[in-house]
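**Student:** what would the 3D arrangement of this be:
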Amino acid sequence: MDQVSPRTEAAHLASLSGSTYPTIELGELLHQYTLSLVIIAGAGEDTETRPVRWVHSSELEDPTPFLPPRTVLLTTGARFSDIADQRAADAYVQRLIDADTTALGIAVGLHWDRVPATFVSACDRLGLPLFRVPYDTSFIAVVQAAARLLDARLRERDIWALDSQRAVTNASMHRNGLGAAIREAASRLGRWVGITDRSGRLIEFAPQSARSRVQPEWVRRETRRLIERGVSSGRIGTASGDEGEAGPGIQMQTLGRDGRVLGVLVVEDHGAPDHAERALLGLVAALATVQLEHRSGIGTAAATLRTAIVQLLIAQDLPLAEKLAAGVLARVPREPVVAIRLAPQEGVTSSFAQDLESLDAGSPGLIRATLEDGPVILAETRHLPALRRLLLAYRVPTGVSDRGPLTELPRLLSEANRALEHSLANDADAPVDYVPALHDGVLHLLEDHPEAVQRASGLLAPIRNHDQRHGDSIEASLRTWLAHHGQTSPAAAELGVHRHTLRARVQTAANLLQSDLDSPDTRAELWAALRLLDG
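**Tutor:** Below is the predicted model:
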């Protein structure tokens, strides 16, 4: 029976270096009819699909120091007489399993007329596939068959890589090039792919059906760690589930150049990517960097255009604003919107400016501008959580208006200005929301009556007690739902939860209050109570 020389094997392994080794499935090798290989023990549900990186022969009592992972080991059993009892056979098989060996092949007709029963028993009990190599099948024939299959797989992956790169490049030429490229890449890879801005918020994601598998807080936290360290290479992390269990592996790669990080490419990890997948991900990272740089709108001209768009919205010339925005923004913010006024930014760190620019560039429905009285942000309400986190992280004095339609933008800006004045007067570290208490109003009158506040506290007591006992957020969810006039989808978007989750929370609130939340009177009382207690 022929033996493959160490020199031949080393040469083949060297030819595969520089990239992740391709693999074939064990079933492909076993089904080569000219080899007549037969599984006799250790078969399981995954036997056919077990990965094979290489085939190696050895007569050592312990060949594991010389076996790379995912190897099929061939032996004639020349030293099996030294492994006489069941315990020694078990130890031999266990060492192979610990070395991540894919399968064991034992030749018959040389030293053994049949495969020793001790090894059959050990492989069956420990779960290592064992196959018989007939006398007429040389080891070199098995190695050559595996090499042909591996070379064919490598060529297949090269063709896949070229085809996938071409498809992703073509997708990137669409109007929303980054989103189209991410969708195409996710389809080709068979896993979810996302892009975050500098704050860690996912601004592009595909496929949407996999969104529930992503843990946004974990992604946000790890993104910030990468950006704060200025890391420009990839990394792989493991998210933890809600109950502490291990979550899916996630590959992360920062996007940008010249020391300026624009965001992070986030990919669901199914193990170390091979050379074809790495080539595709490298292309996606390059395209995303170019797109994010384009979206950021760097330069005086882009800033002037954004300011002009906001001024047109203030003047109620929405058609002209949308026409001008078509060349600058993804789209004009959709109602309801919120206005945010920032204090003059002298002395604010460059990191804050970059993070704010990143958030603006990757957020359709959000626009920054500089008006006569200072910087302003006009945004859809779903962007509020991300804006609050950013402003709070850098302790920027900020005033936030109430929600409203674009037709009332002058009023919203006035409210934001009053909230900012309140923030500056009180040295607030967090964004200050406009509340009617800043003006004379009905709720402002009620605040002067202790009985009104007492009744509001009593009305909301069941919800607050529930939240305190269970660590829940029913009150916050109810407040946002009421602020959106009972519209579940926009409220869920602002909270960052699924609409079914929000519906369940609203139903819980109704059960706790024993009230009909479809009643306008009930909603009015609850909203008044929430605003009174907030005040």
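**Student:** list the buried residues of stretch 421-441.
**Tutor:** Applying a neighbour-count criterion of 16 or more other C-beta atoms under 10 Å, one finds His422, Ser423, Ala428, Pro431, Val432, Asp433, Tyr434, Val435, Leu438 buried in stretch 421-441. Backbone N, C-alpha and C define where each C-beta goes, glycine included.
**Student:** repeat that for stretch 406-422.
**Tutor:** 406, 408-409, 412-420, 422.
**Student:** mind checking which of these are in strands?
**Tutor:** For the buried residues of stretch 406-422, not one is inside strands, with DSSP state E as the criterion.
**Student:** kindly reformat those as TSV containing pLDDT and distance to Pro520.
**Tutor:** As requested, the buried residues of stretch 406-422 are arranged in TSV below (pLDDT from 0 to 100; distance: C-beta to C-beta, whole Å):
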residue	pLDDT	distance to Pro520
Leu406	88	25
Glu408	90	21
Leu409	90	27
Leu412	91	24
Leu413	90	29
Ser414	88	27
Glu415	89	24
Ala416	90	28
Asn417	89	31
Arg418	87	28
Ala419	88	28
Leu420	88	33
His422	84	31
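**Student:** now distance to Ala386 too, for those, in CSV please.
**Tutor:** Below are the buried residues of stretch 406-422 laid out as CSV (distance: C-beta to C-beta, whole Å):
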residue, distance to Ala386
Leu406, 21
Glu408, 23
Leu409, 21
Leu412, 19
Leu413, 21
Ser414, 24
Glu415, 21
Ala416, 17
Asn417, 22
Arg418, 24
Ala419, 19
Leu420, 19
His422, 23
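**Student:** how far off centre is stretch 269-277?
**Tutor:** Distance, stretch centre to chain centre, for stretch 269-277: 16 Å (C-alpha atoms, centre = their mean, to the nearest Å).
**Student:** what of stretch 105-113?
**Tutor:** Counting by C-alpha atoms, centre = their mean, stretch 105-113 comes out at 51 Å from the chain centroid.
**Student:** what do you get for stretch 132-140?
**Tutor:** 48 Å.
**Student:** same check, this time on stretch 76-90
**Tutor:** 49 Å.
**Student:** how about the helices in the stretch 351-500 of the chain?
**Tutor:** 384-394, 409-425, 442-446, 450-470, 474-483, 488-495, 499-513 (DSSP state H, counting those that start in this stretch).
**Student:** ditto for the stretch 201-350 of the chain
**Tutor:** Using DSSP H, counting those that start in this stretch, helices in the stretch 201-350 of the chain cover 216-229, 275-295, 300-314, 318-325, 350-361.
**Student:** what is the neighbour count of Glu48?
**Tutor:** 15 (other C-beta atoms under 10 Å).
**Student:** give me the contacts around the strand or helix carrying Ala181.
**Tutor:** Secondary-structure assignment from DSSP states H and E places Ala181 in helix 177-189. The contact list for helix 177-189 (C-beta atoms under 8 Å, 6 or more residues apart in numbering) reads 160, 164, 167-169, 171-172, 174, 192-195, 204-207, 267, 277, 280-281, 284, 287-288, 291-292, 295.
**Student:** change it to 6 Å
**Tutor:** 164, 167-168, 171-172, 174, 192-193, 204, 206-207, 284, 287, 291 (C-beta atoms under 6 Å, 6 or more residues apart in numbering).
**Student:** centre of the chain to it, how far?
**Tutor:** 14 Å.
**Student:** and what of stretch 337-357?
**Tutor:** That offset, for stretch 337-357, works out to 26 Å (C-alpha atoms, centre = their mean).
**Student:** determine which two of the buried residues of stretch 406-422 are furthest apart.
**Tutor:** Leu406 and His422 (24.5 Å; C-beta to C-beta).
**Student:** hmm, back to that, what's the closest of the contacts of helix 177-189 to Asp467?
**Tutor:** Distances from Asp467 to these, taken by C-beta to C-beta, are shortest for Trp192, at 32.2 Å.
**Student:** return the residues in contact with the closest one.
**Tutor:** By C-beta under 6 Å, 6+ apart, the residues touching Trp192 are Ala186, Ala210, Glu268.
**Student:** could you give the number of residues near the last one?
**Tutor:** By other C-beta under 10 Å, 18 other residues sit near Glu268.
**Student:** and it, what are its bridge partners?
**Tutor:** Ile250 (DSSP bridges).
**Student:** just tell me which of the helices of the stretch 351-500 of the chain ends up closest to Val332.
**Tutor:** Judged by C-beta to C-beta, the one of the helices of the stretch 351-500 of the chain that comes nearest to Val332 is helix 409-425, at 11.2 Å.
**Student:** so what secondary structure elements neighbour that closest one?
**Tutor:** When contacts are defined as 3 or more C-beta pairs under 6 Å, 6 or more residues apart in numbering; DSSP states H and E, helix 409-425 sits against helix 300-314, strand 337-342, strand 398-400, strand 432-433.
**Student:** where does the stretch 251-400 of the chain dip in pLDDT?
**Tutor:** 257-259, 271-272, 295-302, 327-330, 345-350, 360-362 (pLDDT under 70).
**Student:** what sits against Val506?
**Tutor:** By C-beta under 6 Å, 6+ apart, the neighbours of Val506 are Trp481.
**Student:** gap between it and Arg469?
**Tutor:** Distance, Val506 to Arg469, by C-beta to C-beta, to the nearest Å: 19 Å.
**Student:** cool, and Ala167?
**Tutor:** Per C-beta to C-beta, Ala167 is found 53 Å from Arg469.
**Student:** more neighbours, those two?
**Tutor:** In terms of neighbours (other C-beta under 10 Å), Ala167 is the more surrounded of Ala167 and Arg469; the figures are 16 against 8.
**Student:** nearest residue to the more buried one in space, please, no chain neighbours.
**Tutor:** Residue nearest to Ala167 in three dimensions, not counting chain neighbours: Glu184, with 5.3 Å by C-beta to C-beta, 6 or more residues apart in numbering.
**Student:** also Arg224?
**Tutor:** Gly200 is the one closest to Arg224 (C-beta to C-beta, 6+ apart), at 5.5 Å.
**Student:** let me see the contact set for the one you found.
**Tutor:** Residues counted as contacts of Gly200 (C-beta under 6 Å, 6+ apart) are Val219, Arg220, Thr223, Arg224.
**Student:** TSV for those residues, including pLDDT and neighbour count?
**Tutor:** TSV is the format used below for the contacts of Gly200 (pLDDT from 0 to 100; neighbours: other C-beta atoms under 10 Å):
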residue	pLDDT	neighbour count
Val219	86	21
Arg220	85	17
Thr223	85	23
Arg224	82	18
